[in-house]
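Chemist: quick check, what structure comes out for this input:
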Amino acid sequence: EISMDIKKTYSISELAKEFDVTTRSVRFYEDQGLLHPTRRGQTRIFSSKDRVRLKLILRGKRMGFSLAETKELFDLWDETLSGNEKQLLLMLDTLARKRAQLEQQKNDIAQAEMEMDT
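Modeler: Have a look, this model is predicted:
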């Protein structure tokens with residue numbers, strides 16, 4: 001069953017509908033090098049990998065990642081898959097820094113809420 005999911009392909013409109021974004025947004029992410037559909041004539045064919053990447057792009061945006069940061073993580077992940085341990089460590093460091101930044105923002109918000117309550 002998993003192998004069927006891996007081979008499944010998606011049209012731009014299917015992805016846009018599933019993730020509640022416009023087809024223009026999906027094309028923008030492609031233009032930024034974040035998604036890599038194949039082409040059949042003028043039609044874009046997105047893979048399961050592209051679907052997962054779109055999900056991660058949107059989750060990253062909600063968490064405060066810029067598209068450049070997301071692309072860097074994707075590039076590091078692709079490098080890691082080719083066996084580059086140094087890239088894996090760099091990716092983990094990048095994620096740890098982002099986590100610390102988000103923790104600080106959370107603390108700042110909590111502090112502001114306490115100050116407003118007094």
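Chemist: and the strands in this protein?
Modeler: Using DSSP state E, the strands of the chain run over residues 38-40, 43-45.
Chemist: tell me the most buried of the ones you listed?
Modeler: strand 43-45 (a mean of 15; mean count of other C-beta atoms under 10 Å). Glycine gets a C-beta too; all of them are placed from N, C-alpha and C.
Chemist: so what strands line up beside it?
Modeler: Partner strands and pairing direction for strand 43-45 (DSSP bridges) are strand 38-40 (antiparallel).
Chemist: give the contact list for Gly64.
Modeler: Listed by C-beta atoms under 8 Å, 6 or more residues apart in numbering, the contact set of Gly64 reads Lys98, Gln101, Leu102, Gln105.
Chemist: got it, and Arg99?
Modeler: Counting by C-beta under 8 Å, 6+ apart, Arg99 touches no other residue.
Chemist: circling back: please produce JSON lines containing the contacts of Gly64, extended by distance to Ala16, neighbour count and pLDDT.
Modeler: Formatted as JSON lines, the contacts of Gly64 follow (distance: C-beta to C-beta, whole Å; neighbours: other C-beta atoms under 10 Å; pLDDT from 0 to 100):
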{"residue": "Lys98", "distance to Ala16": "27", "neighbour count": "16", "pLDDT": "87"}
{"residue": "Gln101", "distance to Ala16": "30", "neighbour count": "13", "pLDDT": "90"}
{"residue": "Leu102", "distance to Ala16": "28", "neighbour count": "13", "pLDDT": "89"}
{"residue": "Gln105", "distance to Ala16": "30", "neighbour count": "11", "pLDDT": "92"}
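Chemist: and of these, the nearest to Glu85?
Modeler: Nearest to Glu85 among these: Lys98, at 20.6 Å, using C-beta to C-beta.
Chemist: which ones are touching that closest one?
Modeler: Contacts of Lys98 by C-beta under 8 Å, 6+ apart are Met63, Gly64, Phe65, Glu69.
Chemist: to Asp75, which of the strands of the chain lies closest?
Modeler: Across the strands of the chain, Asp75 has its closest neighbour in strand 38-40 (19.6 Å, C-beta to C-beta).
Chemist: would you mind pulling the contact partners of that closest one?
Modeler: Arg44, Ile45, Ser47.
Chemist: could you rerun that using 10 Å?
Modeler: By C-beta atoms under 10 Å, 6 or more residues apart in numbering, the residues outside strand 38-40 that reach it are Thr9, Arg44, Ile45, Phe46, Ser47, Asp50.
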